[in-house]
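In: show me the folded form of this:
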Amino acid sequence: MLARTIGFAVACALSASFAVAQTPSGSRIDDVMKSGKLRVCTPGDYKPFSYLRPDGGYEGLDIDLVQSAAKALGAEVVMVKASWPTLMKDFLEKCDVAVGGISVTTDRQKTAYFTAPYMVNGKAPITKCENVKKFQTIADIDKPNVTVIENPGGRWRESVVSELATDPQRPEVMGRMVRTGRYKYIAYSIGKDNEQLFDLSADPGESRNLARATGLAPDLKRHRELLRQWIAQTGDHFPAPP
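Out: Predicted coordinates for the structure are as follows:
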């Protein structure tokens with residue numbers, strides 16, 4: 001399974017969540033209550049979160065939630081059809097909230113607030129039945145001669161986080177792994193070498209721990225921050241890195 005945040009343990013997390021427009025000043029809620037309208041952006045093509053029916057109406061988990069929120073605010077919902085490639089632009093220009101199983105990404109968090117994710121699941125590649133034996137690993141897919149179709153505007157997570165198996169002889173030691181495009185970062189809750197960083201492009205066998213390499217300090221810092229973000233988003237009890 002491949003992952004993103006509605007997110008190699010190849011399990012990427014997609015955090016289903018709402019995005020709420022940031023405002024320089026004032027209260028977005030006050031604006032909604034004053035106008036009596038809650039403007040909601042959604043692509044409407046992602047069941048069971050948001051789906052645009054042939055009759056022009058919307059249905060789904062997120063639609064039910066925004067209807068409930070609008071009722072509590074004494075407002076009516078105004079649906080705005082958005083597209084995935086232009087979702088954030090549509091959202092910032094036209095709406096108060098955006099819904100529909102939206103991935104929580106760092107870039108989107110720079111311009112919007114997200115609610116606490118209410119669901120975590122994953123994504124998996126699919127192929128024709130006759131090609132199953134050809135595509136058993138990510139390496140089988142990641143080749144110049146393999147064509148991959150991706151939904152327009154779809155966003156993969158920049159990292160994958162997984163829990164490492166506990167050593168039965170040392171159950172008090174917990175571990176987490178952060179995998180990005182080039183690096184693998186491993187952190188343990190205790191121990192002398194409780195941080196490890198491997199350059200998988202140059203060292204696929206993971207024989208050289210680069211956590212103390214001066215030139216890679218920015219990369220170490222980045223992976224620490226990715227783990228801290230994961231801990232904050234998921235409520236993981238693993239101790240945050242320094």
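In: so where's the longest helix in this structure?
Out: Ranked by residue count and defined by DSSP state H, the top helix of the chain is helix 217-234.
In: got the contact list for it?
Out: Applying CB atoms under 8 Å, 6 or more residues apart in numbering, the contact partners of helix 217-234 are 5, 13, 15, 104, 106, 117, 120, 158-159, 161, 176, 178, 180, 183, 185, 187, 195, 197, 210-211, 236, 238, 240-242. From N, CA and C alone the C-beta is placed, and that goes for glycine too.
In: mind listing which of the residues you listed are in helices?
Out: T106.
In: among the contacts of helix 217-234, which ones are buried?
Out: 5, 13, 15, 104, 117, 120, 159, 161, 176, 178, 180, 183, 185, 187, 195, 197, 210-211, 238, 241 (16 or more other CB atoms under 10 Å).
In: just these: which are in strands?
Out: Cross-referencing these against strands under DSSP state E gives S15, V120, V161, R176, V178, Y183, Y185, A187, E195, L197.
In: ok, so of these, who is nearest S83?
Out: Among those, S15 lies closest to S83 (CB to CB), at 20.6 Å.
In: give me the pLDDT for that closest one.
Out: According to the prediction, S15 has pLDDT 44.
In: likewise V104?
Out: Value for V104, per-residue pLDDT: 79.
In: just give the number of residues close to the closest residue to D140 other than its chain neighbours.
Out: Leaving out its chain neighbours, the residue that sits closest to D140 by CB to CB, 6 or more residues apart in numbering is K134, at 6.4 Å. Neighbour count of K134, defined by other CB atoms under 10 Å: 11.
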